[in-house]
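[1] here you go, sequence then predicted model.
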Amino acid sequence: GKYVEDINRKNPIGFGGKVADAYADLIKDVFSDEFSVIVPRAFKQVAENLQSQAFAGYLQHDAHEFTTALLDGLHEDLNRVKKKPA
């Protein structure tokens, strides 16, 4: 998709585009007619690294905390600022 052009893979506080790519793949699968069941393993693996392994394993986590971490990861992966102003 067009989002690929906007990924900032060199952002030092980003995730190298992994969050944006995994989220895009998940959304494509969800809205595809190809699958009747989706197992988001790749997305979960990326999500486990959003906050220093805070979402590793299969324990129940706070939805707000996860959503905040996901949006922050997407923001950093898609941040268009290549060089931070001084």
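    Okay, I see it.
[2] show me where the protein has its helices.
    18-30, 41-47, 63-77 (DSSP state H).
[3] the first one: how far from the chain's middle?
    Distance, stretch centre to chain centre, for helix 18-30: 7 Å (Cα atoms, centre = their mean, to the nearest Å).
[4] give the residue spans of this structure that score low on pLDDT.
    Within the chain, the segments meeting pLDDT under 70 span 52-53, 56, 58-61, 85-86.
[5] residue nearest the centroid of it?
    Val19 (2.4 Å; Cα atoms, centre = their mean).
[6] sorry, back to before: for the helices of the chain, could you give me a markdown table that also reports distance to Arg9?
    Yep, even glycine has a C-beta here, placed from its N, CA and C like the rest. Shown next, in a markdown table, are the helices of the chain (distance: least, Cβ to Cβ, whole Å):
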| stretch | distance to Arg9 |
| --- | --- |
| helix 18-30 | 9 |
| helix 41-47 | 14 |
| helix 63-77 | 8 |
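[7] so which of these is nearest Asn11?
    helix 63-77 (5.5 Å; Cβ to Cβ).
[8] how many neighbours does the nearest residue to Ala22 once chain neighbours are set aside have?
    Of all residues not flanking Ala22 in the chain, Val46 sits nearest, at 4.0 Å (Cβ to Cβ, 6 or more residues apart in numbering). Val46 is flanked by 22 other residues according to other Cβ atoms under 10 Å.
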